[in-house]
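build the 3D model from these lines:
(chains A and B)
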Amino acid sequence: GAGVSQSPSNKVTEKGKDVELRCDPISGHTALYWYRQSLGQGLEFLIYFQGNSAPDKSGLPSDRFSAERTGGSVSTLTIQRTQQEDSAVYLCASSPQGNRGNTIYFGEGSWLTVV
Amino acid sequence: DAKTTQPTSMDCAEGRAANLPCNHSTISGNEYVYWYRQIHSQGPQYIIHGLKNNETNEMASLIITEDRKSSTLILPHATLRDTAVYYCIVGRQSTGANNLFFGTGTRLTVIP
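A predicted model of the protein is given here:
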């Protein structure tokens, strides 16, 4: 597709269950980002992938959070043993190499509700 | 990466220019200033970016002070659809670990 695609768009899960959120970046973009946004809050950086380099995981809030990016394209963010405070919209973004540099393109987000 | 400071909220009359300030006093020489906006319930949208010179595109103008410690995003003729949260962020333009840190932004409300 033309833009960053995320799925599911909405997810309601029970506390303690694991969830997987998927991101399909724009074709050819080498950088991929995950952010989290709680209601009424700013964007919180989670993790960053750039090409074949080791990902920057400095924003992951706990070891219940992990992410992988297979084949330099699709990424999956996994939250284990979900807690109510994990409820937020999880935004994926990608950016190209080249002179647009840090111009990043966001998906519409996956809205997670933990009940 | 440098942190930024923005007012929490601003109002602007429809049809008037909206001037959104941003302070980035610790910006380093190789860091760009980027502006994004987020309309309610949507993903953030890129607006404009710059290094030293003022920039203009179809959406907005970016004015960066000579010492690069602050900048202003200008929406020349604000419309109701410009009501959004506007994020000013700084980051390096490189292929390294150049993640971007968003703050809480400025909530711009365009008033009819």
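
let me see the contact set for the spatially most central residue of chain B.
The centre of chain B sits closest to residue B:35, judged by CA atoms, centre = their mean, with a distance of 3.2 Å. When contacts are counted by CB atoms under 8 Å, 6 or more residues apart in numbering or on different chains, residue B:35 touches B:20, B:22, B:46-49, B:60, B:62, B:73, B:86-89. For every residue, glycine as well, the C-beta is placed using N, CA and C.

for it, helix, strand, or coil?
The three-state assignment at residue B:35 reads strand, by DSSP: H, G, I helix; E, B strand; the rest coil.

picking up where we left off before, can I get the contacts of residue B:35 in CSV including pLDDT and distance to residue A:33?
Listed next are the contacts of residue B:35 as CSV, based on pLDDT from 0 to 100; distance: CB to CB, whole Å:
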residue, pLDDT, distance to residue A:33
B:20, 98, 23
B:22, 96, 21
B:46, 87, 13
B:47, 93, 17
B:48, 92, 19
B:49, 88, 16
B:60, 97, 23
B:62, 97, 22
B:73, 98, 22
B:86, 96, 19
B:87, 92, 14
B:88, 93, 18
B:89, 87, 12
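
which residue packs closest to residue A:9, ignoring adjacent ones?
Using CB to CB, 6 or more residues apart in numbering or on different chains and skipping the chain neighbours, the partner closest in space to residue A:9 is residue A:110 (6.3 Å).

in the sheet, which residues pair with residue B:18? Tell me.
Counting by DSSP bridges, residue B:18 is bridged to residue B:75.

residue contacts, it?
Applying CB under 8 Å, 6+ apart, the residues near residue B:18 are B:10, B:12, B:73, B:74, B:75, B:78, B:82, B:108, B:110.
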